[in-house]
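Asker: next come a sequence and a model predicted from it.
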Amino acid sequence: VQLVESGGGLVQPGGSLRLSCAASGFSFSTAGVSWFRQAPGKERELVAGISSAGSSTNYLDSVKGRFTISRDNDKNTVYLQMNSLKPDDTAVYYCHAIYWLGGRLVNPWGQGTQVTVSS
């Protein structure tokens, strides 16, 4: 089971980035997937989530209207499009999946990708 994030980097305020989370080793189309972030000295927080079929999404209030989560189950990938980025969005962004396997709830994490918003 593996989740691999990519797409992070350094961007100026007002800029955009698209993060990707590539999954392998499990039935991706049955998993709910979320993006979390953690800034230095702060707790990890949920940024956005998407249901297994992509029909339902939810967002942290501070990113609503700026970030969009989506998924492509044919490619086993979830995306986070981030627009109008602010310095407060600076954090390590983590992909998280949750699904049932043999009556047990499984919830793997990716290794994270750094997003830095700075001029």
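Answerer: Yep, it's here.

Asker: does Gln12 touch Asp89 like I think?
Answerer: No. Counting by CB atoms under 8 Å, Gln12 does not reach Asp89; the two are 11.9 Å apart. C-beta coordinates here come from the backbone N, C-alpha and C atoms, glycine included.

Asker: the more surrounded of the two?
Answerer: More crowded of Gln12 and Asp89, by other CB atoms under 10 Å: Asp89, with 22 against 10.

Asker: surely that one meets Leu80?
Answerer: No. Assessed by CB under 8 Å, Asp89 is found out of contact with Leu80, at 10.9 Å.

Asker: residues in contact with Gly54?
Answerer: 70-71, 73 (CB atoms under 8 Å, 6 or more residues apart in numbering).

Asker: what about this protein, any weak spots by pLDDT?
Answerer: The chain contains no residues with pLDDT under 70.

Asker: the closest residue in space to Arg44 that isn't next to it in sequence pairs with what?
Answerer: Leaving aside its sequence neighbours, Arg44 sits nearest to Gln38 (CB to CB, 6 or more residues apart in numbering; 4.2 Å). Beta bridges link Gln38 to Val92, judged by DSSP bridges.

Asker: quickly list what's touching both of Gln12 and Asp89.
Answerer: Val117.

Asker: what does whichever strand or helix holds Phe36 contact?
Answerer: Using DSSP states H and E, Phe36 sits within strand 32-38. Here strand 32-38 makes contact (CB under 8 Å, 6+ apart) with 19, 21, 23, 44-52, 69, 71, 78, 80, 89, 91-99, 112, 115.

Asker: so which of those residues sit within strands?
Answerer: Cross-referencing the contacts of strand 32-38 against strands under DSSP state E gives 19, 21, 23, 45-50, 69, 71, 78, 80, 91-99, 115.
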